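> Sequence and predicted structure below; questions after.
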Amino acid sequence: MIDCLFCSIAEKKIPAKIIYEDERVVSFMDIAPANSGHLLVVPKMHYQDIEDIPDNALQELIIRVKKMAKVLGKISQGVNIVQNNKKAAGQAVDHVHFHVIPRYETDTLQFWKSGKYGSEDDMDKIANKLKNIISEMN
Ligand code: 5GP
Ligand code: ZN
């Protein structure tokens with residue numbers, strides 16, 4: 001038995017303001033919102049992160065993310081979809097989930113600061129490294 005906050009919420013063992021639920025997925029209010037209306041979309045099955053979740057379960061999940069984005073689009077002027085994987089990326093709850101964050105024309109949220117490569121060669125090096133990883137995957 002895994003001790004997991006989002007499993008406990010999905011199983012109604014811990015309270016949360018659930019706004020949508022079906023056989024596969026639950027969506028509830030983030031307790032510490034980036035913006036008013038910030039939702040989490042969570043599969044009922046426990047998977048740790050994007051690498052762990054099977055493709056079919058991820059497809060089901062993203063369809064619900066789109067649905068929640070449409071809902072939030074009714075109360076805001078835009079939506080950010082954020083998905084953190086592993087501690088270095090800010091994943092605090094090790095049960096895969098999507099953040100769906102409404103954006104208001106008046107808000108000042110900023111998710112990252114744009115950077116730049118030292119040179120085109122630096123950019124090529126990382127691009128080639130990634131392409132090699134991909135070719136070894138297939
Ligand atoms: P992560 O950093 O793992 O991508 O996101 C986890 C999110 O879960 C955070 O935005 C955090 O505010 C939210 N969260 C943490 N604990 C609780 C809780 O007990 N209830 C709810 N509703 N959200 C939580
Ligand atoms: Zn879990």
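Yep, that arrived. Ligands and ions are numbered 1, 2, ... in the order given.
> Is it correct that residue 80 is in contact with residue 107?
No. Contact criterion C-beta atoms under 8 Å: residue 80 and residue 107 do not qualify, at 10.5 Å. From N, CA and C alone the C-beta is placed, and that goes for glycine too.
> Who does the nearest residue to residue 83 once chain neighbours are set aside form a beta bridge with?
Ranked by C-beta to C-beta, 6 or more residues apart in numbering and with sequence neighbours excluded, the top spatial neighbour of residue 83 is residue 98, at 5.0 Å. Beta-bridge partners for residue 98, by DSSP bridges, are residue 41.
> so where do the strands sit in the protein?
18-21, 25-29, 39-43, 78-82, 98-103 (DSSP state E).
> out of the ones you listed, nearest to ligand 2?
strand 39-43 (8.1 Å; C-beta to the ion).
> quick check: angle from the closest one to strand 78-82?
Angle of strand 39-43 versus strand 78-82, following axes from the mean of the first three to the mean of the last three C-alpha atoms, to 10 degrees, is 40 degrees.
> Tell me if strand 39-43 is near ligand 2.
No. Legend: contact between strand 39-43 and ligand 2 by C-beta under 5 Å from the ion is lacking; minimum distance shown is 8.1 Å.
> other SSEs contacting that strand?
Here strand 39-43 touches helix 5-10, strand 25-29, helix 55-73, strand 98-103, going by 3 or more C-beta pairs under 8 Å, 6 or more residues apart in numbering; DSSP states H and E.
> ok, and what's touching the longest one?
Contacts of helix 55-73 from elsewhere in the structure, counted by C-beta atoms under 8 Å, 6 or more residues apart in numbering, are 19-20, 22, 24-25, 27, 37, 39, 41, 43, 45, 47, 50, 53, 79, 81, 96, 98, 100-102.
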